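K.L.:
Got a predicted structure plus its sequence, pasted below:
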Amino acid sequence: MNRSDVLEIISDERDFQEEMLTAGRTDMRPGLQLGSVIAAMEHNLAEARAAWYKGSGNNPEAMDFIRKVSALGVQAGESFGMPVRKR
């Protein structure tokens, strides 16, 4: 899979997060502080690890959670700013 496809999928997941907030889904929280975003990322990484442990092959179940973690990182960047990589 190429990078542009991966980034498009992460962007779609981020759109989904916003749609679920707008729809009032009870497990979605608006206006998370950075620590809460980190906790959500850690939770989803633990879920990815569990899915990987139980899975086989390419672990698509684990990658579902990696997609969520990636979109949470985008959300953090949107909310708190993303520093430019210093080279």
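P.N.:
Received it, and whenever you're ready, just let me know what you need.

K.L.:
list the helices and strands whichever strand or helix holds L72 packs on?
P.N.:
Using DSSP states H and E, L72 sits within helix 60-80. If contacts are counted by 3 or more C-beta pairs under 8 Å, 6 or more residues apart in numbering; DSSP states H and E, helix 60-80 sits against helix 3-22, helix 34-54. In this view, the C-beta of every residue, glycine as well, is placed from N, C-alpha and C.

K.L.:
between the ones you listed, which gets nearest to R87?
P.N.:
helix 3-22 (18.7 Å; C-beta to C-beta).

K.L.:
Next, R85: secondary structure please.
P.N.:
Three-state assignment for R85 (DSSP: H, G, I helix; E, B strand; the rest coil): coil.

K.L.:
Then G57?
P.N.:
Classified using three-state DSSP, G57 is coil.

K.L.:
cool, P30 as well?
P.N.:
Once three-state DSSP is applied, P30 turns out coil.

K.L.:
mind checking how far it is from N59?
P.N.:
Distance, P30 to N59, by C-beta to C-beta, to the nearest Å: 31 Å.

K.L.:
and G81, how many neighbours?
P.N.:
8 (other C-beta atoms under 10 Å).

K.L.:
Having no further points to raise, I will conclude here.
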